[in-house]
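Engineer: fold the following and give me the result.
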Amino acid sequence: MIPPLPGHPLRTTYNPLAEVRPGPDAHITARHLAELILPPEHQSTDADENVRFARVKAAPFLQALILHTVYYHGVLEQPSLSQVRHLLTTDPDELTDLLTTTRDDERGPHSFIAEIAADHQARPAEERAVIIAQIDQALKIYGPAG
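Structural biologist: Have a look, this model is predicted:
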């Protein structure tokens, strides 16, 4: 089958974040998606144990970024992995403040997101940088941050 040309009304693209639907199981779906996006730790060829450890810690942090994007950026537009990447590449202090700020609304699992963000923030700066680099590398195939 030949795919439709760009701009054709039948042309479609797959958005993995469309699979994460707000509700009681959103965190499970977000976790599965994060694990699919990131290269498995056991397949790492990195000899550096810190890089291997960062791969393990990257999945929950990406999960929090996905949930935040679905619940708080997906209100006015379709959430996307490029939005997740944009959130990831903002100023690190701004990112942490954004993820750990308590929300008064009932739109999503913000306490869950804040818990993961607080765990991330408690890590040494160089470890946080490696985790962010791991996620950013995996998200590059989904387009520019934005």
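
Engineer: how far away from the center of its chain is the longest helix anywhere in the chain?
Structural biologist: The helix that spans the most residues within the chain, counting by DSSP state H, is helix 49-68. Centroid separation for helix 49-68 versus its chain: 9 Å, with CA atoms, centre = their mean, to the nearest Å.

Engineer: tell me the buried residues in that helix?
Structural biologist: 51, 54-55, 57-68 (16 or more other CB atoms under 10 Å). Every C-beta, even on glycine, is put in place using the N, C-alpha and C of the backbone.

Engineer: and the angle from the lowest-mean-pLDDT helix or strand in the chain to helix 49-68?
Structural biologist: One helix or strand of the chain scores below all others by mean pLDDT, DSSP states H and E: helix 92-100, with a mean of 72. Between helix 92-100 and helix 49-68, the angle comes out at 50 degrees (axes from the mean of the first three to the mean of the last three CA atoms, to 10 degrees).

Engineer: can you list contacts of helix 92-100?
Structural biologist: 64-65, 68, 87-88, 90, 113-114, 116-118, 120-121, 128, 132 (CB atoms under 8 Å, 6 or more residues apart in numbering).

Engineer: nearest to Lys140, of those residues?
Structural biologist: Among the contacts of helix 92-100, Leu88 lies closest to Lys140 (CB to CB), at 11.0 Å.

Engineer: thought that closest one was touching Gln134?
Structural biologist: No. Using CB atoms under 8 Å, Leu88 is not in contact with Gln134, being 10.4 Å away.

Engineer: which one's more surrounded, the two?
Structural biologist: Gln134 (24 against 20; other CB atoms under 10 Å).

Engineer: so for the more buried one, what's the nearest residue that isn't a sequence neighbour?
Structural biologist: Spatially, and ignoring its direct neighbours in sequence, Gln134 is nearest to Ala58 (4.4 Å; CB to CB, 6 or more residues apart in numbering).

Engineer: how close does the one you found sit to Ala125?
Structural biologist: 16 Å (CB to CB, to the nearest Å).

Engineer: tell me which other helices or strands the longest helix of the chain touches.
Structural biologist: Contacting helix 49-68 under the criterion 3 or more CB pairs under 8 Å, 6 or more residues apart in numbering; DSSP states H and E are the following elements: helix 26-37, helix 81-88, helix 92-100, helix 110-121, helix 125-139.
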